[in-house]
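Asks: Structure for this input, please:
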Amino acid sequence: MKIFFKILILIIVAFLLALLAFAYEEHYREFIRFLYGLLTENKITFKNNGKYLHFASGEFISSFTIFIISIFLLLKGQEKSQIGRNIILGIIFLILSTLIFCYIGSNGKLMECTACDDGKRVLKFNDINYDLIFISSLIIGILPTIVTEVKKRYMKKASH
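Replies: Numbering: from 1, shown residues only. Take a look at the predicted model:
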């Protein structure tokens, strides 16, 4: 009966995380479009013909849910000072990797445009692979926690 409740709680938590990702996804897309403009000195702008209707992708929702659950499980057995360092480093890595991916992607979009007026380009909202940027940034953001876990297991194995 105890295992049933643990599984039920895990399902409820995963569902709530999926809802959170669903609500957050459009704001993330707006942020990425903002970065594309900012990092190219507004040489990239966005225009969408007609009504823009978008639903969160399964990749976005599942990667966010898996990321949060993985972070929680990896941090669970670590010391408090290490948890703080890993969270701070993870956030820094996440932000920096997002900025780097947006910089490379936005300038790449400008370079591939040979017929752009004055070096400016207008993109549609779906011309960016938001999921790739998000998932790649999550992977880089979780690296400090994974490295700490690997080191901890290696040290434990070496002491035996």
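
Asks: Please point out which parts of stretch 141-149 sit buried.
Replies: Gly141, Ile142, Pro144, Thr145, Thr148, Glu149 (16 or more other CB atoms under 10 Å). Bear in mind the C-beta positions are built from the backbone N, C-alpha and C, glycine included.

Asks: And stretch 107-121, by the same measure?
Replies: So for stretch 107-121, counting by 16+ other CB under 10 Å, buried means Lys109, Leu110, Cys113, Arg121.

Asks: Tell me which other helices or strands the longest helix along the chain touches.
Replies: Ranked by number of residues, the top helix in the chain under DSSP state H is helix 2-38. Packing partners of helix 2-38 (3 or more CB pairs under 8 Å, 6 or more residues apart in numbering; DSSP states H and E): strand 44-46, helix 58-76, helix 80-111, helix 130-159.

Asks: In a markdown table, list these along with distance to Ile12 and mean pLDDT.
Replies: Output for the helices and strands packed on helix 2-38, formatted as a markdown table (distance: least, CB to CB, whole Å; pLDDT from 0 to 100):
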| stretch | distance to Ile12 | mean pLDDT |
| --- | --- | --- |
| strand 44-46 | 37 | 91 |
| helix 58-76 | 12 | 89 |
| helix 80-111 | 24 | 94 |
| helix 130-159 | 22 | 92 |
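
Asks: Lys109 reaches Val122, doesn't it?
Replies: No - contact criterion CB atoms under 8 Å: Lys109 and Val122 do not qualify, at 10.4 Å.

Asks: Could you tell me which residues touch both of these two?
Replies: Common neighbours of Lys109 and Val122 (criterion: CB atoms under 8 Å, 6 or more residues apart in numbering): Ile44.

Asks: residues in contact with Pro144?
Replies: Applying CB under 8 Å, 6+ apart, the residues near Pro144 are Arg85, Asn86, Leu89, Gly90, Phe93.
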